[in-house]
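**Student:** generate a structure from the sequence data that follows.
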Amino acid sequence: MNSTYLRWSIISIRLSIAVFLALGTLSAYYYPGGNYISETAQGYSFWNNFLCDSIRDITCTGQYNLLGARLASLAMFALIFGGFFPMFFAFPYHLSKKRHLNSTIRWLGVASVAVSALLPLSSLFKIPLPHDIIVVIATLPGLAASLLLIFTTLIETSCSRWIKFIGSLMMIIAMVNLIFYLRVKWFGSPLTSLLPGTQKVALLLCLGWMLGMTATLNSRRIERGALLATSRQSGWKPIGRTAIQFDRTIPK
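**Tutor:** Model prediction:
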């Protein structure tokens with residue numbers, strides 16, 4: 001993939017995260033209150049409300065949340081298509097030369113994006129869909145793609161340690177959250193703040209990890225552009241991160 005596509009992918013991811021945080025904050029502000037842990041709670045609780053609570057037109061306590069639901073749905077759309085899609089679609093090919101691995105990451109990620117989009121879509125157009133099943137179907141390929149992408153960053157020596165650490169920590173917490181979710185939703189375990197709380201922590205770590213990868217790949221893109229420009233002026237041909245001089249003369 002060329003540098004221009006990478007540049008626009010980086011811009012899209014950064015912009016989508018900013019839009020998601022802005023609209024998500026507004027949707028939380030307009031959320032009337034109530035959650036499955038405390039029905040009398042006022043407003044949106046970071047620890048007790050799920051992300052998907054904010055996209056519901058009517059809360060679990062029967063209060064209307066029309067404006068907040070629209071804002072939250074738009075925030076999810078922005079992050080899913082503007083953030084996760086370019087990350088899974090473009091980033092693997094700029095981090096690794098293993099085509100089969102890159103292709104696996106891409107299509108697992110695209111599948112997760114497509115299924116995840118059903119959640120805000122069902123809210124905007126009031127389509128009754130099995131929420132819990134969609135969450136699991138979207139999460140499994142998304143976690144698999146993220147795990148492979150994190151593995152790619154771990155073997156990439158050019159990625160900073162904090163990116164590797166945040167990615168690994170995010171994956172651990174996301175897997176723990178999935179276990180909690182399955183136990184509560186499908187096996188009848190009692191709901192506690194650990195489930196919605198770890199969901200938010202995993203998401204924030206994911207956003208930080210995504211921004212870290214954009215910084216790494218953007219600096220690499222700029223470095224390659226500068227090397228290419230220098231090579232054109234001096235008659236040196238770049239190979240990887242090095243350069244060799246080539247002869248411009250034409251043999252007679």
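**Student:** separation between Arg161 and Ser168?
**Tutor:** 10 Å (C-beta to C-beta, to the nearest Å). In short, each C-beta sits where N, CA and C put it, glycine included.
**Student:** more crowded one of these two?
**Tutor:** Neighbours per residue (other C-beta atoms under 10 Å) separate Arg161 from Ser168, with Ser168 holding more: 17 against 7.
**Student:** is it correct that the more buried one is in contact with Ile150?
**Tutor:** Yes. Proximity of Ser168 to Ile150 meets the contact threshold set by C-beta atoms under 8 Å, at 6.3 Å.
**Student:** who touches both of the two?
**Tutor:** Residues touching both Ser168 and Ile150 (C-beta atoms under 8 Å, 6 or more residues apart in numbering): none.
**Student:** could you list the low-pLDDT ranges of this protein?
**Tutor:** The chain contains residues with pLDDT under 70 at 1-2, 225-252.
**Student:** hmm, 80 instead?
**Tutor:** For the chain, applying pLDDT under 80 flags the ranges 1-3, 157-158, 223-252.
**Student:** please name the nearest non-neighbouring residue to the most centrally placed residue in it.
**Tutor:** By C-alpha atoms, centre = their mean, the chain has its centre lying nearest to Phe84, at 4.1 Å. In this structure, Phe84 finds its nearest non-sequential neighbour in Val113, 5.3 Å apart by C-beta to C-beta, 6 or more residues apart in numbering.
**Student:** burial check on the closest residue in space to Ser3 that isn't next to it in sequence, number of neighbours?
**Tutor:** The shortest distance from Ser3 to any non-neighbouring residue, by C-beta to C-beta, 6+ apart, is to Arg221 (5.2 Å). For Arg221, the count of nearby residues is 17 (other C-beta under 10 Å).
**Student:** what kind of secondary structure is Arg221 in?
**Tutor:** Using DSSP: H, G, I helix; E, B strand; the rest coil, the secondary structure recorded for Arg221 is helix.
**Student:** quick one: contacts for it?
**Tutor:** Here Arg221 is in contact with 3, 6-7, 10 (criterion: C-beta under 8 Å, 6+ apart).
**Student:** now intersect the residues you listed with the helices, please.
**Tutor:** Using DSSP state H, 3, 6-7, 10 are the members of the contacts of Arg221 that sit in helices.
**Student:** of the residues you listed, keep whichever come out buried.
**Tutor:** 6, 10 (16 or more other C-beta atoms under 10 Å).
**Student:** the strands in the chain, which residues?
**Tutor:** 236-239, 242-245 (DSSP state E).
**Student:** quick check: Leu101 vs Ala145, distance?
**Tutor:** 11 Å.
**Student:** sorry, that was for Asn65
**Tutor:** Asn65 sits 31 Å away from Ala145, going by C-beta to C-beta.
**Student:** and the ones in helices among the contacts of Arg221, which two are the farthest apart?
**Tutor:** Ser3 and Ile10 (10.4 Å; C-beta to C-beta).
**Student:** what segments of the stretch 1-150 of the chain are helices?
**Tutor:** Taking DSSP state H, counting those that start in this stretch as the test, the helices found in the stretch 1-150 of the chain are 3-30, 66-79, 85-90, 92-95, 99-116, 118-124, 131-155.
**Student:** okay if I get those helices as JSON lines plus distance to Thr40?
**Tutor:** Shown next, in JSON lines, are those (distance: least, C-beta to C-beta, whole Å):
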{"stretch": "helix 3-30", "distance to Thr40": "18"}
{"stretch": "helix 66-79", "distance to Thr40": "18"}
{"stretch": "helix 85-90", "distance to Thr40": "39"}
{"stretch": "helix 92-95", "distance to Thr40": "47"}
{"stretch": "helix 99-116", "distance to Thr40": "31"}
{"stretch": "helix 118-124", "distance to Thr40": "24"}
{"stretch": "helix 131-155", "distance to Thr40": "24"}
